[in-house]
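Visitor: quick one: sequence and predicted model below, then my questions.
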Amino acid sequence: QTHTSPPRPSSHQAWLSFLGCPASLLLLSLLLLPLGLPVLGAPPRLICDSRVLERYILEAREAENVTMGCAEGCSFSENITVPDTKVNFYAWKRMEVEQQALEVWQGLALLSEAILRGQALLANSSQTSETLQLHVDKAISGLRSLTSLLRALGSQKEAISLPDATASAIPLRTFTVDTLCKFFRIYSNFLRGKLKLYTGEACRRGDR
């Protein structure tokens, strides 16, 4: 008696099966987001998965640790403006959600400008190692991905909906840094502070 093997699933069926698994979809999203590629079928509230934000926080802290004892190749030839990441939790909770969103968007934009400027300054230095360049590239990619994730969450609309935003919004507090280590410390603090606070509340509002 002969036995016939069951037909093997086609590559298309296998791909659909892969996408049907939430864990696989999360993995695919994390792989494609840093490349700036759209993820078909990715949940619009992907940033509500705590593992996603924690991954970027981990990258920022690793970069901070690597540059902490760096003497050569880690200094900028000019000061770079970054957002003040200090959070008054009492004032933050009393703040309108639109104002919170605006502070997060302004902070992300300023950090993105800062690291791009830092990359340009380091490109002119012969002392910058490949390891440092890798962490800078990761930060640029991470900020782009976080911007996309926030846009998918709809927070950009909240920031824009602030009545007369430019006139009534409290100006974003800033200061300057002159080394990569200081930048990555600010980057890490921003992710663990304002961004995590805002997305946590936005995700809870969406679940209600």
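Guide: Ah, there it is. Numbers count the residues shown, from 1 in each chain.
Visitor: could I get the helix or strand where Asn79 lies in PDB with only the CA atoms?
Guide: Following DSSP states H and E, one finds Asn79 within strand 75-83. The C-alpha trace of strand 75-83 is given here as PDB (Å, rounded to 0.1, in the frame of the first residue of the first chain):
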ATOM      1  CA  SER A  75      33.200  65.600  21.100                       C
ATOM      2  CA  PHE A  76      31.300  68.000  18.800                       C
ATOM      3  CA  SER A  77      33.100  71.000  17.400                       C
ATOM      4  CA  GLU A  78      30.100  73.100  18.300                       C
ATOM      5  CA  ASN A  79      27.200  72.900  20.800                       C
ATOM      6  CA  ILE A  80      24.100  71.100  19.700                       C
ATOM      7  CA  THR A  81      20.600  72.100  21.000                       C
ATOM      8  CA  VAL A  82      18.500  69.300  22.600                       C
ATOM      9  CA  PRO A  83      15.200  69.300  24.600                       C
END
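Visitor: mind giving me the packing neighbours of that strand?
Guide: The elements that strand 75-83 packs onto, with contact taken as 3 or more Cβ pairs under 8 Å, 6 or more residues apart in numbering; DSSP states H and E, are helix 97-123, strand 174-179, helix 180-190. Backbone N, C-alpha and C define where each C-beta goes, glycine included.
Visitor: which residues in the chain form helices?
Guide: Remark: helices assigned in the chain by DSSP state H are 11-19, 22-32, 50-68, 89-94, 97-123, 130-153, 155-160, 165-168, 180-190, 196-207.
Visitor: report the inter-axis angle for the strand holding Asn79 versus helix 180-190.
Guide: Using axes from the mean of the first three to the mean of the last three Cα atoms, to 10 degrees, one finds that strand 75-83 and helix 180-190 are set 20 degrees apart in direction.
Visitor: just give me the neighbour total for Glu62.
Guide: By the measure other Cβ atoms under 10 Å, the count of residues near Glu62 is 14.
Visitor: next: the one 3 residues further on.
Guide: In terms of burial, Asn65 registers 12 neighbours under the definition other Cβ under 10 Å.
Visitor: and the closest residue to Gly206 other than its chain neighbours, what pLDDT?
Guide: Spatial nearest neighbour of Gly206, chain neighbours left out: Arg45 (6.2 Å); criterion: Cβ to Cβ, 6 or more residues apart in numbering. Listed pLDDT for Arg45 reads 75.
Visitor: distance of Arg45 from Tyr187?
Guide: 23 Å (Cβ to Cβ, to the nearest Å).
Visitor: could I get the phi/psi values of Gly154?
Guide: Torsion angles at Gly154 (phi, psi; degrees, to the nearest 10) stand at phi 90, psi 10.
Visitor: and the strand holding Asn79, which strands flank it?
Guide: If you go by DSSP bridges, strand 75-83 pairs up with strand 174-179 (antiparallel).
Visitor: how about the partner strand: buried residues?
Guide: Across strand 174-179, burial judged by 16 or more other Cβ atoms under 10 Å covers Val177, Thr179.
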